[in-house]
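In: Here is my input, please return the structure:
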Amino acid sequence: MDKQLWDTAGDAEFDRLLESGLPDPPPDEVARAVNPWRRVMEQLAGGLALTGITFQFAGLQYWLPALGTLLCLLAFRALRRENPWLRAGWALSAVRTGAVWVVLILNAFLWRETPAGQTVLTALSGVGLLTQLGQLVCLWQGLDRVRRAAGSPRGTGAGWLVVWYAGLYGLALVQYSGLVIALVLVGLYGLLLANLYRL
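Out: Sure thing, here's the model as predicted:
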């Protein structure tokens, strides 16, 4: 058909016919359920919960951090194309996952009792702790950049996770053994993860 036969009235009629053939948009609750950010935030909050609290029974001290680091790695993998901060968080998450898994594997061998084994395990544990803090800084900055791009006036609260972990590391350095501050920290951690999940 010749292009000159098309006019603006024909274009408007064609657009109207296309719109009438489309289904109605889904309800808000259905749209929220299939939001891709929801799955990523569930993985991230779940991974941080599994790596943040350690239970010393039934082998959970091995399984929970291993699964938590994998969940964080999957979440950062999904976010890595959003901005450079989240890409750096993905790289740090990969290093941390590798360090945690290598420590778990080396703990299965008697070599860990040798001086060389102790040195390697200490170095890998240090790498895991530093990359965990770096990963949280990248998450904080990356989510803040996403928030600003979306025009959201509210902060993400991810920066408070950095403060929480820094306080936890400080308590570990002074070898705090009380129960009150520990319970307060666990409660705060739950609130921070809930805030991150609601994001």
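
In: The strand or helix carrying residue 163: how far from the chain's middle?
Out: Using DSSP states H and E, residue 163 sits in helix 158-173. Between the centre of helix 158-173 and the centre of its chain there are 16 Å (CA atoms, centre = their mean, to the nearest Å).

In: next one: stretch 172-180
Out: Per CA atoms, centre = their mean, the centroid offset for stretch 172-180 relative to its chain is 27 Å.

In: try stretch 42-51
Out: 7 Å.

In: So for residue 160, what's the nearest residue that isn't a sequence neighbour?
Out: residue 192 (5.5 Å; CB to CB, 6 or more residues apart in numbering). No exception for glycine: its C-beta is placed from N, CA and C like everyone else's.

In: wait, isn't the one you found in contact with residue 164?
Out: Yes. Shown here, residue 192 and residue 164 form a contact pair, counting by CB atoms under 8 Å, at 6.1 Å.

In: Could you name every residue contacting both of the two?
Out: Here residue 192 and residue 164 have no joint contacts, going by CB atoms under 8 Å, 6 or more residues apart in numbering.

In: returning to what we had before: what mean pLDDT does the helix holding residue 163 have?
Out: Mean pLDDT, helix 158-173: 79.

In: residue nearest the centroid of the protein?
Out: Nearest residue to the geometric centre of the chain (CA atoms, centre = their mean): residue 44, 3.1 Å.

In: ok, now which ones touch that one?
Out: Contacts of residue 44 by CB under 8 Å, 6+ apart are 71, 72, 75, 76, 139, 196.

In: in which helix or strand would I find it?
Out: helix 36-52.

In: How about residue 104?
Out: helix 84-106.

In: which parts of that helix are buried?
Out: 85-90, 92-101, 103 (16 or more other CB atoms under 10 Å).
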